[in-house]
Structures are given as C-alpha cells and as structure tokens.
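1. need a 3D model of the following:
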Amino acid sequence: MGNDDRPRLKQALGALILEVAEVVDFDELEGWTVIDSAEGIDDLWVMEGAAESLVNASKQVLAQVRQRMGADIDELGPVRLGNKLYRSGPKMDRTVIEGQGMPLMEWLGEDLKNAINPNAVLVTAVRAIATKREQDPKVVEQTFYLYQRAEDDAFVLTRIPEDKAPKYFANMEHGDRR
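-> You can find the predicted model right below:
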C-alpha cells in the first residue's frame, strides 16, 4: 500500500465510524458507557447491529491489510516494523505421525490428562511435560508430530515480538528488510 492509498483508507474507515456514530453519540460518552444510554431492548439491538457492522468491516480491512503485507513480504523479504519482525511462510498442518499415537500416549503416562483436550493432544502440554522430565521439547515434539504444508497452500503472516525474534532482528531499524 503506497502513501497514495492512505487517504482512501482513512476515508473508508472514517465512513465506517460515521455509520456507528449515527447510532452512538461519542461526544457524550465517558469511557464505554454507551450501554447506559440505551432506553430499551430496541436501542440495545440497534447498538448490537452497529457494533457488529464495525467489527465485521474492521476484520475485512485487517484481512486485506495482512494479505497485502504478506504479499509484500513474500516478494521483498522480512521487515522490522516498530518492535516486531514481520515475515511470511507456508501455513503448516500438524498431525501425529502414523503409528505414533499409542507411543505418544505411553510416553505421556501419568501426565496424559494434562495434555488431552476432547479433540487433540495439546503440543504445548507435550513441550511442558518434556521440560518437566528434563528432555528436549523439540526432540519430543518431532518424535510424535509431523509438520507439513497445509493442503490449501495458504501462507500466514507472522508477527514476532522483539523478545522472541531471531538474533538478526536486534540489528534492524524500522523498515529494514532481511
């Protein structure tokens, strides 16, 4: 998105806010007291609709912005923006390796109830249990889980906080790419 697009984006977002402002008088609000101004269920229903419209529109704008950022990063490489590193990569699906389900359950042993939800073994719990047992969490994870590209070939935009970013991030300035 170039600088030429910014006024149009501001105008579009401003229009959304104006739509909500028709329902909610922001000048009279102190904090989030908008609900106090409702005089009945009809007012609450109108406010709900306006809020849902704003949320849905914001999600659409955010999805488009992230898609455009992802395309830019795919083409030009990772970039530091503020205190975050932005990079793009293939979306990955994780499944238990065929034939490793029972060995995983046996390995979990007494800690099984900490790692299971109704749908899947929580990889974060497996990592924590490995650490507790003084084993390398990455080795344990790679023993039981298979990472592969998602079938839809989707890419995900990853925002990595400064304290979790790779070492090269520390030498980057805002807008620098690797």
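2. pull the helix or strand with minimum mean pLDDT from the protein.
-> In the chain, no helix or strand scores lower on mean pLDDT, DSSP states H and E than helix 6-23, which sits at a mean of 67.
3. and the next helix or strand past that one?
-> Going down the chain from helix 6-23, the next helix or strand is helix 41-76, by DSSP states H and E.
4. tell me the buried residues in that following helix?
-> For helix 41-76, the neighbour count (16 or more other Cβ atoms under 10 Å) marks M47, A50, L54, A57, M69, G70, D72, I73 as buried. Using the backbone N, CA and C atoms, a C-beta is placed for each residue, glycine as well.
5. and the nearest residue to the last one once chain neighbours are set aside, its phi and psi?
-> Spatial nearest neighbour of I73, excluding adjacent residues (Cβ to Cβ, 6 or more residues apart in numbering): S88 at 4.4 Å. Backbone torsions for S88, taken as degrees, to the nearest 10, come to phi -130, psi 150.
6. same deal with L85?
-> Dihedral angles for L85 - degrees, to the nearest 10 - are phi -100, psi 130.
7. for it, what are its contacts?
-> Going by Cβ atoms under 8 Å, 6 or more residues apart in numbering, L85 touches P78, V79, R159, I160, E162, A165, P166, F169, M172.
8. thinking again about what came up before, from A71, how far off is the residue nearest to I73?
-> Remark: distance between S88 and A71 (Cβ to Cβ, to the nearest Å) = 8 Å.
9. residues in contact with the residue nearest to I73?
-> Shown in contact with S88 (Cβ under 8 Å, 6+ apart): G70, I73, D74, P78, F155, V156, L157, T158.
10. between those, which is nearest Q135?
-> Using Cβ to Cβ, T158 is the member of the contacts of S88 that lies nearest Q135, at 26.8 Å.
11. how many neighbours does F169 have?
-> Number of residues near F169 (other Cβ atoms under 10 Å) recorded here: 20.
12. just checking, it touches R80?
-> Yes: here F169 lies in contact with R80, judged by Cβ atoms under 8 Å, at a distance of 6.3 Å.
13. the residue lying closest to P166 once chain neighbours are set aside pairs with what?
-> Excluding the flanking residues, the one nearest P166 by Cβ to Cβ, 6+ apart is L85, at 7.3 Å. Beta bridges link L85 to R80, I160, judged by DSSP bridges.
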